[in-house]
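> missing the sequence, but the structure's below:
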């Protein structure tokens, strides 16, 4: 081996090896490990005395969907005197608050915060003062099935369970058909395997639940609370994160590729930001969780950099026929991804090309997320929280006497 080519060779194979391990090696490994060492969890029996449950939605200008979300919440199969649906309007400037006020039902609670402060601040303000011993977080554009709350209560009756994650089903906004694609099926497969090992990573914002007593205040720069919060609670209390495929939530898939790209880039930025508080999960004492966090999440966030490193380092190896073929393969793959984004129709060729488009766009979104986090998103988050009135003091006498939730909103309105 020529000394001047040893570094490009090393970089190339680190890049290729890292990507292949993440997308192919890890799924095989986690499946085998889950079969050998894992076990399926059993749904506990319903407790004799049902706890009070608070379902919470943080909403920003959701007038198009909030009415249907409230109606969906009122269809929940749970005793009406032990259930509340809390809509925390984070400085909405549309009719979100007015629509919620229009429902004359004691189970519906509106917290109309006049200034937009960001979801982490809202959740930190609201959750400690909820009536429910069990908290279920959801989204404004989500419809949950009636039995979900009962099932989450059953899971959380087991003291070893810290959080419960439901299954999100994506539907086409026009046809109403299930549009769970290859990527979503791949993610669901990994979740099931990780759950068998007690190594599930985070939740999805559509539906997850936990005990209010185990809530950990979110860092103010949190961009993906559904990922960070369950893991912070796991770090603090050690409870298992359970995946319940029968706790089903439905959402419409984004109609435009651009909106999905923005969502994924935001998730990417949130992933990089989360390392500041979640890095202890990478330590060996966290066992299967450390393996899953490193292989499933951290490595994914860095896959675009590995792909770029493989492409660039390959350019220094073009004097060898084998590496000429590998370089041509990479160029053809990215050309296919571009073609898939523009090729119309639903032919087999178009579908195959769109798999390359999906793979490339997911990684491009992560690059954008990294850029946003490094130079943009952290600054935007800081400015938003700097304008925020001081959060309600959970150590105050009023907090200890569990003031009505409306007082929390009133306090921020008058601050």
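Now that the structure is in, tell me what you want to look at. None of the values given here were measured: they were computed from a predicted structure.

> if you count residues, where's the longest strand of the protein?
Assignment by DSSP state E gives strand 240-252 as the longest strand of the chain.

> avg pLDDT for it?
The average pLDDT for strand 240-252 rounds to 92.

> could you say what helices and strands whichever helix or strand comes after that strand packs with?
Using DSSP states H and E, the helix or strand that follows strand 240-252 in sequence is helix 257-278. With contacts taken as 3 or more CB pairs under 8 Å, 6 or more residues apart in numbering; DSSP states H and E, helix 257-278 sits against helix 225-237, helix 299-315, helix 348-371. All C-beta spots, glycine's among them, are computed from the backbone N, C-alpha and C.

> ok, and what's touching the following helix or strand past helix 257-278?
Downstream of helix 257-278, the first helix or strand assigned by DSSP H and E is helix 287-292. Applying CB atoms under 8 Å, 6 or more residues apart in numbering, the contact partners of helix 287-292 are 30, 33, 37, 194, 197-201, 234, 281-284.

> could the helices and strands packed on helix 257-278 be laid out in JSON lines, adding mean pLDDT, mean neighbour count and distance to residue 209?
Formatted as JSON lines, the helices and strands packed on helix 257-278 follow (pLDDT from 0 to 100; neighbours: other CB atoms under 10 Å; distance: least, CB to CB, whole Å):
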{"stretch": "helix 225-237", "mean pLDDT": "94", "mean neighbour count": "21", "distance to residue 209": "10"}
{"stretch": "helix 299-315", "mean pLDDT": "96", "mean neighbour count": "18", "distance to residue 209": "26"}
{"stretch": "helix 348-371", "mean pLDDT": "87", "mean neighbour count": "18", "distance to residue 209": "27"}
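
> whichever of the contacts of helix 287-292 end up buried, select them in PyMOL.
With 16 or more other CB atoms under 10 Å as the criterion, this PyMOL line picks the buried residues out of the contacts of helix 287-292:
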select buried, resi 30+33+194+197+198+199+200+201+234+281
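
> the bottom helix or strand of the chain by mean pLDDT?
helix 397-400 (a mean of 30; mean pLDDT, DSSP states H and E).

> so which of the contacts of helix 287-292 is the closest to residue 113?
Closest approach to residue 113 among the contacts of helix 287-292 (CB to CB): residue 234, at 28.7 Å.

> isn't that closest one right up against residue 165?
No - look at residue 234 against residue 165 with CB atoms under 8 Å: they stay out of range, at 11.8 Å.

> common neighbours of the two, please.
residue 241.

> residue 186: neighbour count?
For residue 186, the count of nearby residues is 12 (other CB atoms under 10 Å).

> quick one: contacts of the helix or strand where it lies?
Taking DSSP H and E as the criterion, residue 186 maps to helix 182-196. Contacts to helix 182-196, defined as CB under 8 Å, 6+ apart, come from residues 27, 30-31, 33-34, 38-41, 165, 167, 170, 180, 200-201, 241-243, 245, 288, 292, 296, 355, 358, 362.

> pretty sure residue 17 is in a strand, no?
No - under DSSP: H, G, I helix; E, B strand; the rest coil, residue 17 sits outside any strand and is assigned helix.

> any low-confidence regions in the stretch 151-300 of the chain?
172-181, 253-259 (pLDDT under 70).

> hmm, back to that, quick one: the contacts of helix 287-292 as TSV, columns for distance to residue 375 too.
Converted to TSV, the contacts of helix 287-292 look like this (distance: CB to CB, whole Å):
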residue	distance to residue 375
30	34
33	38
37	42
194	33
197	37
198	37
199	33
200	32
201	27
234	31
281	26
282	25
283	30
284	33
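
> quick one: which of the contacts of helix 287-292 is nearest residue 218?
Relative to residue 218, and with distances defined as CB to CB, the nearest of these is residue 234, at 14.1 Å.

> which non-adjacent residue is nearest the closest one?
Spatial nearest neighbour of residue 234, excluding adjacent residues (CB to CB, 6 or more residues apart in numbering): residue 162 at 5.7 Å.

> one more: residue 310?
Leaving out its chain neighbours, residue 310 is closest to residue 15 (CB to CB, 6+ apart), at 3.3 Å.

> correct me, but the one you found touches residue 313?
Yes - contact criterion CB under 8 Å: residue 15 and residue 313 qualify, at 6.8 Å.

> ok so, going back, buried subset of the contacts of helix 182-196?
Neighbour counting by 16+ other CB under 10 Å classes 27, 30-31, 33-34, 38, 41, 165, 167, 170, 200-201, 241-243, 288, 292, 296, 358, 362 among these as buried.

> can you confirm residue 76 is in a helix?
No - counting by three-state DSSP, residue 76 is not part of a helix but coil.

> which residues touch it?
Neighbour list for residue 76: 55, 83, 85, 144, 146, 148, 149 [criterion: CB under 8 Å, 6+ apart].

> how about the fourth one, phi and psi?
Here the main-chain torsion angles of residue 144 (degrees, to the nearest 10) amount to phi -100, psi 150.

> residue contacts, it?
If you count contacts by CB under 8 Å, 6+ apart, then residue 144 has 72, 73, 76, 138, 166, 206, 207, 247, 248, 249, 250 around it.

> if I look at residue 285, how far off is residue 65?
If you measure residue 285 against residue 65 using CB to CB, to the nearest Å, the figure is 43 Å.

> now do residue 34
Remark: distance between residue 34 and residue 65 (CB to CB) = 36 Å.

> tilt between the helix holding residue 186 and strand 240-252?
Here helix 182-196 points in a direction 160 degrees away from that of strand 240-252 (axes from the mean of the first three to the mean of the last three CA atoms, to 10 degrees).

> tell me the buried residues in helix 182-196?
So, applying 16+ other CB under 10 Å, buried residues of helix 182-196: 188, 190, 191, 192, 193, 194, 195, 196.

> just stretch 158-175 next, same as before
158, 161, 162, 163, 164, 165, 166, 167, 168, 169, 170, 171.

> with stretch 65-78 instead?
Under 16+ other CB under 10 Å, the buried positions of stretch 65-78 are 65, 66, 67, 69, 70, 72, 73, 76, 78.

> make CSV from the residues you listed and add distance to residue 340 to it.
Shown next, in CSV, are the buried residues of stretch 65-78 (distance: CB to CB, whole Å):
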residue, distance to residue 340
65, 31
66, 36
67, 38
69, 35
70, 40
72, 36
73, 39
76, 41
78, 45
